[in-house]
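Asks: quick one, fold the following:
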Amino acid sequence: MYPAPSQHRRAPAAPQPYYYHSSVFVDPTRDDISRLLAAFEDAHNAQTSSRPFALFKSIWMQHGWDLIHLKVFDPRGREAFLDVMCRLFLECVLHGRTPLLCLGGLFALYTFHSTPPKDGSSLFNLAHVPIALDDYERLVKFPQSLESPARQYATKVLLDLLSKQIFLILPHSSLSPLNPPALPASVLAIESADPHPVSGRKKVGRPSRREKITRADAMLNSLEDALDRLDDDDDVAGPAPSNEAYLEMKQTVLESVSLEDVDRAEKKTIERMRKLEQRLKSDGTERALLLKAEAAAKNPGGLLNLVEESRDPLFDE
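Replies: As a prediction, the model looks like this:
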């Protein structure tokens, strides 16, 4: 122990690499890329440019993407940042909704990978872009789906990327060769004071004691409201079925199932009634019902014969 402070300077705080794999970074970045490509598509459709790459570069700079490489300086975080950015651009090329959006994704990947600081810069630069084998095959065939002059520009850009050998070809995508296999790799769950969020999605993790009490109160209130509505309208459930209707429905059930299924269902019902009686530990009502059910199960008609034998003293209340 030394009373004097340490002479070593602490490194500046920097996000860990897995931050760039999380929804906190991936989701907003996807939205930014979507706005960039949508602006390119709108501008291209508005003026039908014969030089789509020059149009894309102007939009790239207008949206401030020319400074994207100055976003992260930490070497460990920068490697993850560059990897995620290239994967998101490739995602747009392979899964874009329209050919122009796919073309914009290819231009974005090419521009991003070709414009890192180089002269006298100590920043980490990504040497290779990982891509699955089947995705690579689709990427190579992509220019064929375009029309002129977009096809010529896409072919020129893609040939330049292939000549630089920037793609690191991995096994088929069905084997999940990328690390992490999917983006985002983790999702941030934001807690809400409202126990019933509007989105309807359940919160991650165990509910707190306060949430349990709130939910119990809400369930109790809804149950009381339902009982009040039943008291206000006694006929809402309709008349109970008659004895003849029950016997007719029972006969229909017996004709549609085998005796083994009926016997198995009766045994399961008796077992559930026993468990219920053990859990409730009531004043004896459930016990009496259980005894009646067990006695009925021993008769030839089984549990389905309870109504027919309701005149038997055994079944009287």
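Asks: next, the buried residues of stretch 263-271.
Replies: Neighbour counts over stretch 263-271 (16 or more other Cβ atoms under 10 Å) mark Glu266, Ile270 as buried. All C-beta spots, glycine's among them, are computed from the backbone N, C-alpha and C.
Asks: and that stretch, C-alpha only, in PDB?
Replies: Extracted as PDB, the C-alpha positions of stretch 263-271 are listed here (Å, rounded to 0.1, in the frame of the first residue of the first chain):
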ATOM      1  CA  ASP A 263     -61.100 -46.200 -18.900                       C
ATOM      2  CA  ARG A 264     -57.900 -44.300 -19.200                       C
ATOM      3  CA  ALA A 265     -59.700 -40.900 -19.000                       C
ATOM      4  CA  GLU A 266     -61.600 -42.000 -15.900                       C
ATOM      5  CA  LYS A 267     -58.400 -43.000 -14.100                       C
ATOM      6  CA  LYS A 268     -56.800 -39.700 -15.000                       C
ATOM      7  CA  THR A 269     -59.900 -37.800 -13.700                       C
ATOM      8  CA  ILE A 270     -59.800 -39.700 -10.400                       C
ATOM      9  CA  GLU A 271     -56.100 -39.000 -10.100                       C
END
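Asks: now that stretch, how far from the centre of its chain.
Replies: Centre-to-centre, stretch 263-271 and its host chain are 40 Å apart (Cα atoms, centre = their mean, to the nearest Å).
Asks: what is the mean pLDDT for that stretch?
Replies: For stretch 263-271, the mean pLDDT works out to 77.
Asks: ditto for stretch 97-104
Replies: The pLDDT scores in stretch 97-104 average 94.
Asks: dump it to PDB, restricted to CA.
Replies: Extracted C-alpha coordinates of stretch 97-104, given in PDB (Å, rounded to 0.1, in the frame of the first residue of the first chain):
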ATOM      1  CA  ARG A  97     -36.300  -5.400 -51.200                       C
ATOM      2  CA  THR A  98     -35.500  -3.900 -54.600                       C
ATOM      3  CA  PRO A  99     -32.600  -4.100 -57.100                       C
ATOM      4  CA  LEU A 100     -31.700  -0.500 -56.500                       C
ATOM      5  CA  LEU A 101     -31.500  -1.000 -52.700                       C
ATOM      6  CA  CYS A 102     -29.200  -4.100 -53.400                       C
ATOM      7  CA  LEU A 103     -27.100  -2.000 -55.700                       C
ATOM      8  CA  GLY A 104     -26.800   0.700 -53.000                       C
END
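Asks: understood, closing this out.
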